[in-house]
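S.K.: build the 3D model from these lines:
(one chain, ligands or ions: 1)
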Amino acid sequence: MNVILLGYMGSGKSFIGQELSKTLQMPFIDFDGFIEENERSTINEIFDTKGEIYFRKIEHHYLKALLNKSTNSIIALGGGTPCYYDNMQIIKSRENTKVIYINVSVAELSKRLLKEKQARPLLKYVSSIDDMEEFVGKHLFERINFYNQADIIINGNNSPEKIIEEIV
Ligand code: S3P
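M.R.: All right, here's what the predicted structure looks like:
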């Protein structure tokens with residue numbers, strides 16, 4: 001079975017995915033990392049040199065490529081992956097796959113993202129906690145209908161241990 005983790009930037013998809021991979025003894029794939037390896041470029045560089053529209057196009061392409069070849073893996077997607085093209089349909093139509101949304105509050109996401117915004121091109125111009133909360137609140141509102149299509153919604157404000165336990 002594949003386990004696909006969705007959620008906004010900073011929701012802990014990669015961290016939870018890595019921990020889950022140890023617990024369940026299943027390989028972990030970080031989708032942003034998969035794109036970076038294949039493009040031989042960082043996500044930041046891709047946004048800087050080619051722009052977001054190009055990124056969304058290759059993200060769509062690599063999503064299909066990854067899902068076609070992966071079996072029995074834990075996959076952490078990028079925060080925007082389910083929200084462009086028919087990506088969510090593609091994700092949900094995979095056989096033998098559980099799609100999990102890690103749902104974290106705007107306040108908690110904003111706090112985390114202010115500390116770790118360097119690797120995230122979309123947050124380049126957001127620099128105070130108030131601006132971050134405003135940005136994340138609006139952006140999450142646009143995305144929530146995609147995330148809510150997951151099979152399972154987990155409260156990501158809980159501790160990592162509790163999150164892993166619930167997923168298992
Ligand atoms: C994005 C999230 C990022 C990365 C890119 C765009 C988004 O992944 O794919 O910067 O649109 O939310 P993380 O959710 O792993 O930060």
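S.K.: go through the helix or strand containing residue 57 and flag the buried ones.
M.R.: Using DSSP states H and E, residue 57 falls within helix 52-69. By neighbour count on 16 or more other C-beta atoms under 10 Å, the buried set for helix 52-69 is 55, 56, 59, 60, 62, 63, 66, 67. (C-beta placed from N, C-alpha, C; glycine too.)
S.K.: helices and strands around the lengthiest strand in the chain, which ones?
M.R.: Criterion DSSP state E: the longest strand present in the chain is strand 97-103. For strand 97-103, the packing partners by 3 or more C-beta pairs under 8 Å, 6 or more residues apart in numbering; DSSP states H and E come out as strand 2-6, helix 87-92, strand 152-155.
S.K.: now the helices: where do they sit in this structure?
M.R.: 13-24, 31-39, 43-50, 52-69, 87-92, 106-115, 129-147, 160-167 (DSSP state H).
S.K.: which residues of this structure lie near the ligand?
M.R.: 9, 32, 43, 78, 79, 80, 120, 121, 122 (C-beta under 6 Å from any ligand atom).
S.K.: quick one: which of the residues you listed has the most company?
M.R.: residue 78 (24 neighbours; other C-beta atoms under 10 Å).
S.K.: now it, nearest residue through space, not along the chain?
M.R.: residue 32 (5.1 Å; C-beta to C-beta, 6 or more residues apart in numbering).
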